[in-house]
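[1] build me a structure from this.
(chains A and B)
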Amino acid sequence: MLEAALDRRTVLRVSALAGGGMALSAAIPLEAATGSGTPAAAPRLLNAFVGIGADDRITIVNKNPECGQGIKTMLPMLIAEELDVAWEQVETRQADANAKLYGNQVAGGSTATPTNWLPMRQTGAAARAMLIQAAADLWKVPAESLKTSTGKVIDPASGRSISYGKLADAAAKLTPPPVASLKLKDKKDFTIIGKPKGGVDSPKVVRGEPIFGIDTQLPGMLYAVYERAPVHGARLVSAELGEVLKQPGVKHAFPIKGGLDPVGLIDGVAVVGTNWWLVNKAREKLRVNWDTAEWATHASTAYTANAKAMLDKGPATVIKAEGDAPGAVASATKKLTADYFYPFIAHVPMEPQNCTAIYRSDGTMEIWAPTQLPGNGLNGVASALGIPADKIKLHITRMGGGFGRRLMNDFMVQSAAIAKQLPDIPVQLIWSREDDVRSDFFRPAGWHRLSAGLDASGKLIAYDNHIVTFSRNGRVAQSAGMNGSEFPAGLVPNFRIGQSMMETMVPTGPLRAPSSNALAYVNQCFLDEVAAIGGTDLANLMYQILDKPKQLEGTQGFEGRRPGFNSVRARGVIEKAVAMSGWPKPSAPGRGKGLGFYFSHQGYFAEVVEVSVSREGEVTPHKVWVAGDVGSTIINPTGALNQVQGSVIDGIGQALALAITVKDGRIEQTNFHDYPLPRMPISPEIDIQWVITDNPPTGLGEPALPPVVPALVNAVYAATGKRIRSLPIDANALKTV
Amino acid sequence: MAYRLRINGKNRDIDVPGDMPLLWVLRNELDMVGTKFGCGVGMCGACTVHIDGEARRSCQTPVSTVGKASITTIEGLGNTPIGAKLQKAWLDKDVMQCGYCQAGQLMSASALLKTTPNPTHDEVEQAMSGNICRCACYTRIKVAILEAVAETSKEKSHA
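    Model prediction:
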C-alpha cells in the first residue's frame, strides 16, 4: 500500500548509503543497504524514505513502529532538516515491515535516537545534494555556488530559484553522492530539529479516525478470541466445542496445539465469529481440559519464602567481584545490611493485544499488527506456521501503547495461526483486558540483600548486592537477573554482585527501562540508608562515589551499550536536580523531599520528589523536579517533555500501587480494578530541565522512569522516618491513626 | 432484535441481541471504530460516548437501553463548538503520546464543559478521574481542557 502510494509520485532515486563507507555501517541500522554493495539494490532504499511530488509535497517514511514515543514525527524531522524543506510540506508515512529496505525496525530500548541521529540526517542531506546537482546541471553553474531553503534550490548569484518538485525527475536520474562528501548542517542552522512539533497523527486521533491496529477493517472480516490455560505452563488436553458453536454469532471454534514457549504459539482454543463481544461471551460455554503438570502449585508466597532461604544461604553464583566485598563489610567502621523486594508488574497498554491476518489459498499471508518488533513477529509466524517469510506481508499499525509488551509477538502468531485455519477470511484476534493482564510477560519480581561498609572517614568502601531472581529451563529468565556493571560497579573498591535463581513458568520480559526500573529503587533507596548511617545524605554520598571523572567503558547495565557510565554526566544531573528543587528542605511542614538518580538506556536522570503522607498512610506526590542529560540536542522538545512527564507518573504509579501476584499457578489480577493504574488526581506538578552536554543525542522512552521510584520512596522516609523496602508502598505501614 | 439508533445525527439500523454493549455495536456492527475498547468493565473510560449529552461508558451500555436517545461519538465531537475547541486545544498542547485513550478523554472533557463551563482544577481532576491514560498525559490533558475553557469564555477567568 505504502510503496504503491509512493510510486505514484516522482521518487527521488538516491541513496545516502550507496557509496557509504563501512566506517558508517557500524552506527547505521541500515545494514541491508550498506552491506549490499550493489548499486542496483541501493536506490530502492531511498525510494522508501523520501518521495518528492511534482506538487512539492514531500513524503518521508518513518521506518520504526509508533507506540506513542513520537517516532513517526521525530525520525522524519531528522530527514526533513537536512533535506531543507518546510515541515509543513512534509507528509509522513508508516513503513511496512521490510528489513531489506529499512534495516532494523524496532520500538524498544530507547535506541531510535542514538542509532538514527546520523543516518537519517545523511539520508536527507544526500537527497538535498542530488537536488542541488540537478539544479546546477539545469542552470549550468557549479553545484557549490547554490544554496537551498524550504524546499527550493537558490542561485544567490542570479537570484533565481526552483522548487524541489520541479527538480525531482532530473535528480532521480543522478548517481547518489558518497556519504563522505555530505555536509551536515551546523546545529545553529537547524530550523526543524529542536523546534517543538506536534504528533503527525494527532489530528486523526482527535477525530477518531481508524489508525490503530484494532481499528483495522477488511471486507468479510471475522473476530476471534483465543482461550488459553489459566495456569502458566499448562498444556491443552481436550476441548468440548458443541455448546460454543451453538452461540449467536459464532462461526468457528477449534483447538490449536502449540508449544511451551510463550513468545511463540502456545496451546489454546479459538472461537471465531461475526462480532467480538459475541465470541468473547461464547467463551463462557467452553469446556477445556488442561494439564497443569507441576505448575499449579506455584505462588508468590512460596517464591518469597524460597527467596528468603536463598538470601540467607548466600549467592549461588558471583556475577562480578572486585576486591573483597563481604570481608570489607565485616571489617568496616560502619555497616548496614538490608533486604529489598519488588513485585512482578504488568505492561497493560491501553490498546488490548490484537492482530488482523488473512491467509490466502495461494499460500500467502497478510498481517496488520501493532507490534514493537515486527521482524521478530514475521519470522515467528513463518516458523510457527511453516509459511516462507517472503510470503508474509506485515503492515505495522500505530500502537495504543507498548511499554515493552509488544516486543513479544505472541498475539501475532496466535492471530496468524487462527487465520491459517480459515483460508481467504480476514480474522481479527482481540484479547480481552483479562487475557492481557494474565498473559503478560511480566517485569520479574526480585529479592535483594544488600550490604555496605563505610571506613572511618565515611567513605563507601564496600558494596555487596545479592539478587534472587527467576530462571526458566535453568537459564536466567527474560529480563531477570543483574548485570555486573550496574551502578556503582567500578566506583567502589570492594564490590560484588551475587545471584541465586528459582525456576518459574510465569512469563517475564522487558518493561519500560527493563532491569533499571527495579534496580534504581534498590540501589538508591539503600544508598539513602547508607548515607544516613554515615551521617550524610544521598547527594553527598553520590558526590563522594562520583568524586573522580571516570568513563567506564562498555558498561550500560542491562543493555551493555557503549559508551558506558560517565561520572561527570551523572554528577551534573544530580547537582542540577538538587539546585532546582532545593532538596532536601521541604517546602512545607509535614512534607519530605527524596532524591533518586539512575543511568539507563544511555540517559542520565536525577529526580527529586516531594510528598506528604496522610494519617491514613496515603502518599501524595506534590511535585517532581527532573534533571536529564541525553546529550547535545533535544530533537523534539514537546515530545521529549511528554516522554518525561509520562515516565514520572508511570513510575509513581508503580511505586504506589502496582503488583502482580501468583496463586495456584495463576495470575490473581484481572483488570484495572485490581491493577490500578495512576489516574489524573495523583499526577504531580513536574518541572523538567535539560543538562545539555557535548554528546550525541540519546533516547527518552525509558531513562526518566527509574529514578522517580527511589526518589518517591526516599521522600516518604524524609516525611515519615519510615523505610520502605518492599514495593508497592503499603499504606498500612505508614498509618499513624 | 432490530434497533434504530440515532448516532451523530443520523439514523442507523442494526439487528443484534439486546444485551450487546453499545461499544461493540459501534465497532463491529457499524464500523465506527473511533470509540475504543480498553477494559470492558467500565474502569478505563476509553469507550466513553455521550448519550443525550451525558458521558457514558459504551462498554457498559446494553444497546436495548439506548432507545431514542441521541448518541454522540468521537466521530461527531467536532460538530459541537465545545468539541471543536477541545480538539484544537489537544493539538495545540500536543497532549497525546499513543493517543488510544484520547477519544474517551475528549468525550469526558466535553461532557464536563457542557455542564460546568468554567471548572476548577479540582473539578477537572474529578471529572477526568474515570479515564485512564497509560502513557500518563494527565498534565497536558488538564492544561488543554483549561485552555479550551479560556478560549470559550475569554471574558471569564478560571478559578
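[2] now do A:Ala172, the pLDDT please.
    Residue-level confidence at A:Ala172 comes out at 81, pLDDT.
[3] state the distance from it to chain B.
    With distances taken as Cβ to the nearest Cβ, to the nearest Å, A:Ala172 is found 35 Å from chain B. C-beta here means a position set from N, CA and C on the backbone, and glycine is covered the same way.
[4] equivalent analysis for A:Pro156, please.
    Distance from A:Pro156 to chain B, by Cβ to the nearest Cβ: 37 Å.
[5] counting neighbours, what do you get for that residue?
    By other Cβ atoms under 10 Å in any protein chain shown, 10 other residues sit near A:Pro156.
[6] on the three-state scheme, it is what?
    coil (DSSP: H, G, I helix; E, B strand; the rest coil).
[7] wait, what's in contact with the closest residue to A:Pro510 other than its chain neighbours?
    Excluding its sequence neighbours, the residue lying closest to A:Pro510 (Cβ to Cβ, 6 or more residues apart in numbering or on different chains) is A:Gly404, at 4.2 Å. Going by Cβ atoms under 8 Å, 6 or more residues apart in numbering or on different chains, A:Gly404 touches A:Gly108, A:His347, A:Gln372, A:Phe441, A:Gly509, A:Pro510, A:Leu511, A:Arg512, A:Pro514.
[8] so what does the third one have for phi and psi?
    To tie it back to what came earlier, the one meant is A:Gln372. phi -80, psi -20 (degrees, to the nearest 10).
[9] re the thing from before, hmm, which of the contacts of A:Gly404 is lowest in pLDDT?
    A:Gly108 (89).
[10] centroid-nearest residue for the chain?
    Just going to use chain A. A:Gly108 (3.7 Å; Cα atoms, centre = their mean).
[11] the chain in question should be chain B.
    Note: chain B centre (Cα atoms, centre = their mean) maps to B:Met107, 1.8 Å.
[12] quick one: furthest residue from the center of chain A?
    A:Ser158 (50.7 Å).
[13] what residue in chain B comes nearest to chain A?
    Closest approach of chain B to chain A (Cβ to the nearest Cβ) occurs at B:Gly34, with a separation of 2.3 Å.
[14] element containing that residue?
    For B:Gly34, there is no helix or strand it lies in under DSSP states H and E.
[15] neighbours of it, how many?
    A total of 23 residues lie near B:Gly34 under the criterion other Cβ under 10 Å.
[16] so what's it closest to, chain neighbours aside?
    Closest to B:Gly34 by Cβ to Cβ, 6+ apart is A:Gly208, at 2.3 Å.
[17] that neighbour: neighbouring residues, count only.
    24.
[18] quick check: it touching B:Leu77?
    Yes - taking contacts as Cβ atoms under 8 Å, A:Gly208 lies within contact range of B:Leu77: 7.4 Å.
[19] and what about the closest residue to chain B within the stretch 451-600 of chain A, helix, strand or coil?
    Closest to chain B within the stretch 451-600 of chain A is A:Arg512: 10.6 Å, counting by Cβ to the nearest Cβ. When classified by three-state DSSP, A:Arg512 comes out as coil.
[20] and it, how far from A:Val709?
    Between A:Arg512 and A:Val709 the computed distance is 12 Å (Cβ to Cβ, to the nearest Å).
[21] could you do A:Ala445 as well?
    Relative to A:Val709, and taking Cβ to Cβ, A:Ala445 is found at 15 Å.
[22] the more surrounded of those two?
    Higher neighbour count among A:Ala445 and A:Val709: A:Val709, with 32 against 27, using other Cβ under 10 Å.
[23] ok, the more buried one - contacts?
    With Cβ under 8 Å, 6+ apart, A:Val709 has these contacts: A:Asn517, A:Ala520, A:Tyr521, A:Gly596, A:Gly651, A:Gln654, A:Ala655, A:Leu727.
[24] out of these, which touch chain B?
    By Cβ under 8 Å from any Cβ of the partner chain, no member of the contacts of A:Val709 lies near chain B.
[25] which ones among those residues map onto strands?
    If you go by DSSP state E, the contacts of A:Val709 have A:Gly596 in strands.
[26] could you tell me the model confidence score at A:Thr175?
    The per-residue pLDDT reported for A:Thr175 equals 82.
[27] hang on, the earlier thing: tell me who's in contact with the residue nearest to B:Gly34.
    By Cβ under 8 Å, 6+ apart, the contact set of A:Gly208 is B:Met32, B:Val33, B:Gly34, B:Thr35, B:Thr73, B:Ile74, B:Glu75, B:Leu77, B:Ala103.
[28] show me the contacts for the third one.
    For B:Gly34, the residues meeting the contact criterion (Cβ under 8 Å, 6+ apart) are A:Arg207, A:Gly208, A:Glu209, A:Pro210, B:Thr73, B:Ile74, B:Glu75, B:Ala103.
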